[in-house]
Each structure stands twice: as structure tokens, then as C-alpha cells.
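A.B. asks: Below are the sequence and a predicted model for it; my questions follow.
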Amino acid sequence: MLWRRRKRMRSMSSGSGELANAALTDLWNGEIGLQGDGTQPEKITVIGLGNTLYTDEGVGIHVLPLLEEILAGTENIEIIEGSTDGIRLLGPVEDTDQLILLDSINGGAPPGHLYTVEREDIPAYCNVKMSVHQLGFQEVLFAARIRERLPARMVLFGVQPASLEFGIGLSDTVRGRLAGLAELVNRQVREWRSAPWTAGNL
């Protein structure tokens, strides 16, 4: 089952009994997918980052509806509209096995260029600002790292922006790359699901 969270994270303040009952209800209703041997596949979380008020800065959010269509039917995957929520995303990051991040990346390439940044190269320190929005996601990764809760697998897919001016909607150049960005995510999900994680994959 594909899950979608919008901006605000769902509250986890319920008592343990209520959470257990909710989990059983989800399972009964088919909300939690099982593999053929009765176990769940490792959880994949996709987080779209960015600010939709600044044109191409919001590409990580604008691609999410397309991903919902492409990944429909994929078991145990969650899509989160992270926007610029910062440290509030620490929980979802620490609670997943495999993490895909989507963002605009100002790396100096031609507008529309698609970036792939692997786990060890994703900046996890507060003084590194690879993403173009002011409230970086690096602080979240840094916190998860020092708590030894980083996902086993991580990848960042990004797009070089053509415009960061104030305004709703993407530039034509970046809008034309949404399908390509979504396909990168789709391929990564299929690759992870076809190759079970082992320590040698890190």
C-alpha cells in the first residue's frame, strides 16, 4: 500500500494500546502489504522537499502526484510532502529502511539537469548547503547520523532550477523534467525491491 502524508506529520501521541489497535485495523483493511512469506518488504520513504512559492524550488513537491500514480500498488512505501519542515522530518527519516529525497539542487549545471547523489555523498552537516532552500535538510540527516538512525539506503534525486523567482508553478524547463525525475525514483524503487539489502550494499 502506498501512503501519502501532507506537510504536517501524523500525531504519535496516542497510547500504546490505541496504536496497536490502529495497526491491527490497518492490517485487517489491507493497509499494510505483506510478501508471499507473510512478511512486509522493507519500508521505502520518499520525501519531497522545497518551497512551492519560489518556482523551481518546489520541484520536489510538484513531482509527488506523478509518483503516486507510478508507484500505485507498491507495497510498504510512503510518500511525504516535506516542503521545508526541517527537523520535524527526523521521525520519518529514522523510521524507514530506505530513503529517497527529492529536491532542487543548485549545482551549477544547465537548467533541468537531473542529479543523482548517493548515500555517502548526501551532505549531512549543518554547514553544507547543497539544496537551494534556506532551511536545509542536512540538519535532519546530521541528527539521524549522530543518533545512529540513518536509513541503510539513501539517495537524493534533484533538478537544477531554471528560476527561483517568487511565483507559483515551475518553469517550462523544469516542468519538462518531471517525468524523468519520477522515472529515476521508479527505477530506484524497483532496484531496491529486486535486490534485498545486505551489509555489503552499504
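C.D. replies: Everything's here; your move. Numbering: from 1, shown residues only.
A.B. asks: quick one: residue 142 is in a helix?
C.D. replies: Yes - assessed with DSSP: H, G, I helix; E, B strand; the rest coil, residue 142 lies in a helix.
A.B. asks: where exactly do the helices run in this protein?
C.D. replies: 16-28, 59-62, 64-70, 90-94, 138-146, 172-175, 178-194 (DSSP state H).
A.B. asks: quick one, what contacts residue 159?
C.D. replies: Residue 159 is in contact with 56, 59, 104-105, 112-115, 174, 177, 181, counting by Cβ atoms under 8 Å, 6 or more residues apart in numbering. Any C-beta I mention is one placed from the backbone N, CA and C, and that applies to glycine too.
A.B. asks: try residue 161
C.D. replies: For residue 161, counting by Cβ under 8 Å, 6+ apart, the contacting residues are 55-57, 59, 104, 106, 111, 132, 171, 174.
A.B. asks: And the strands in the chain, which stretches?
C.D. replies: With DSSP state E, the ranges of strands along the chain come out as 2-6, 44-49, 77-83, 98-104, 114-118, 153-159.
A.B. asks: could those strands be laid out in a markdown table, adding distance to residue 65 and mean pLDDT?
C.D. replies: Converted to a markdown table, these look like this (distance: least, Cβ to Cβ, whole Å; pLDDT from 0 to 100):
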| stretch | distance to residue 65 | mean pLDDT |
| --- | --- | --- |
| strand 2-6 | 9 | 54 |
| strand 44-49 | 10 | 94 |
| strand 77-83 | 9 | 92 |
| strand 98-104 | 12 | 93 |
| strand 114-118 | 19 | 91 |
| strand 153-159 | 16 | 93 |
